[in-house]
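Novice: I would like the atomic coordinates for the input below:
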Amino acid sequence: MSRKKEAESRIGRMPIAIPAGVTVDIAENNNVTVKGPKGTLNRVLPADMIITQEDDKIVVKNPSNANRKLKSLHGLTRTLISNMVIGVTEGYQKVLEINGVGYRAAKQGKKLVLNLGYSHPVEMEDPEGIEVVVEDQNKIIVKGINKEMVGQYAAEIREKRAPEPYKGKGIKYADEVIIRKVGKTGKK
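Specialist: Numbers count the residues shown, from 1 in each chain. Okay, the predicted model is just below:
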């Protein structure tokens with residue numbers, strides 16, 4: 001296998017299909033704006049990459065396959081644009097579950113109120129562009145078009161009471177598996 005073959009990013013060279021109803025605008029300095037049915041996302045991408053729109057596809061090209069930094073930016077740039085396109089068409093969501101006796105969540109307007117066993121309820125203001133839905137007091141759904149913001153806000157909610165390994169109490173992602181530890185046992 002020659003070194004020249006593996007110099008190009010596998011992910012970076014894949015074109016991004018633009019679905020119907022989505023418009024992509026590529027301005028100078030790689031300022032990319034994606035508009036779709038769910039909203040508009042704007043992002044300045046690395047100026048070293050060559051981003052072009054060909055028919056109904058976006059192609060990201062790496063000007064120099066020799067530079068290791070540019071090779072890693074190639075795949076990243078393509079993935080960021082792809083996430084923007086998915087965000088404005090389908091959106092993103094993270095589901096959190098609350099486990100524990102007396103632990104619950106409620107919505108009060110734009111505020112998320114969490115009762116997590118502290119002496120006071122924890123209140124969190126929803127950030128701009130993020131929608132939080134509470135289902136049956138122990139399930140929180142964080143929705144939005146920006147993948148990074150959805151993930152960040154879900155992580156901030158989880159951080160308020162991370163799951164503990166002995167009883168599994170706390171806030172966890174719906175698809176997260178908590179590895180349990182065995183508690184102490186008394187000697188007889």
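
Novice: right, and Asn138 touches Ala105 too?
Specialist: Yes: the pair formed by Asn138 and Ala105 meets the contact definition of CB atoms under 8 Å, at 7.0 Å. Placement of C-beta: from N, CA and C, glycine included.

Novice: looking at these two, which is more packed in?
Specialist: Using other CB atoms under 10 Å as the criterion, Asn138 and Ala105 rank with Ala105 on top: 24 against 15.

Novice: if the more buried one is in a bridge, with which residues?
Specialist: In this structure, Ala105 bridges to Leu114 when assessed by DSSP bridges.

Novice: I'd like the mean pLDDT over the helix or strand hosting Ala154, please.
Specialist: Ala154 is part of helix 147-159, with elements assigned from DSSP states H and E. Averaging pLDDT along helix 147-159 yields 96.

Novice: buried ones in that helix?
Specialist: By neighbour count on 16 or more other CB atoms under 10 Å, the buried set for helix 147-159 is 147, 149-150, 153-154, 157-158.

Novice: now the protein, which segments are flagged as low pLDDT?
Specialist: Judged by pLDDT under 70, the chain has its weakly predicted residues at 1-8, 186-188.

Novice: can you give me the strands for it?
Specialist: In the chain, the segments counted as strands under DSSP state E are 16-17, 23-27, 31-36, 39-44, 50-54, 57-61, 92-99, 104-108, 111-115, 122-125, 130-135, 139-144, 170-173.
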